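Student: just need the structure, nothing else, for what follows:
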Amino acid sequence: MTKQAKQTSVGVPVRTGASAVIKVRSTDMLTSEGKSRPFGDYIKELRQRRNMSLRDVEQKCKISNAYLSQVERNKRGIPTVPVLRKLAKVYGVPLEHIAIMAGDESDRRKKLAQTPLPPDAQFIVDGYDRLPPENKHLLTEFLNFLLKRSQGKIV
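Tutor: Down below sits the predicted model:
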């Protein structure tokens, strides 16, 4: 098969080198429940399908493997377009597929940010912002204690 593959009704063939093609289907972007997958999970699967390590991607993209690891673990936000472009090239997928996943994630975050908090939760958030650092730490420890107690881990 040539490096330039044609679209089929099954999916979009994606070049992975001279001899192999991976098909990216629209269902690759969904969980088994039909919901959008977290962006990091999608990027990680693309890398794993190519049998690449984070260091391999780092060498080809010139993007830190530590940063890529954080993106894959959903610990970082959506990368910039130039980074997405580099990843698309290395993973052999159209930038549009990666951009769709990045857009879905961004849309979910915007909706979540626009959802108002219940009054009690808003009071806690507002109060936390006004606390000095040492009291923030105490409040965090107390909240962890309450959560463990409510789960029956502390009597």
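
Student: could you list the low-confidence segments of the chain?
Tutor: Low-confidence segments of the chain, defined by pLDDT under 70, span residues 1-36, 104-115, 154-155.

Student: helices along that one, start to end?
Tutor: Secondary structure of the chain (DSSP state H): helices at 39-49, 54-61, 65-72, 81-91, 95-114, 119-130, 133-150.

Student: the inter-axis angle of the first one versus helix 81-91?
Tutor: This means helix 39-49. 30 degrees (axes from the mean of the first three to the mean of the last three CA atoms, to 10 degrees).

Student: buried residues in helix 39-49, which are they?
Tutor: Residues of helix 39-49 classed as buried by neighbour count (16 or more other CB atoms under 10 Å): 39-40, 42-44, 46-47, 49. Where you see a C-beta, it was placed from the backbone N, CA and C, and this is true even at glycine.

Student: between those, which is nearest residue 135?
Tutor: Residue 135 lies nearest to residue 40 out of the buried residues of helix 39-49, by CB to CB, at 32.9 Å.

Student: and that closest one, what does it touch?
Tutor: Residue 40 makes contact with 71-76, according to CB atoms under 8 Å, 6 or more residues apart in numbering.

Student: mind doing that once more with 10 Å?
Tutor: 68-76, 78, 101, 105 (CB atoms under 10 Å, 6 or more residues apart in numbering).

Student: and if you look at residue 76?
Tutor: By CB under 10 Å, 6+ apart, the contact set of residue 76 is 39-40, 67-70.
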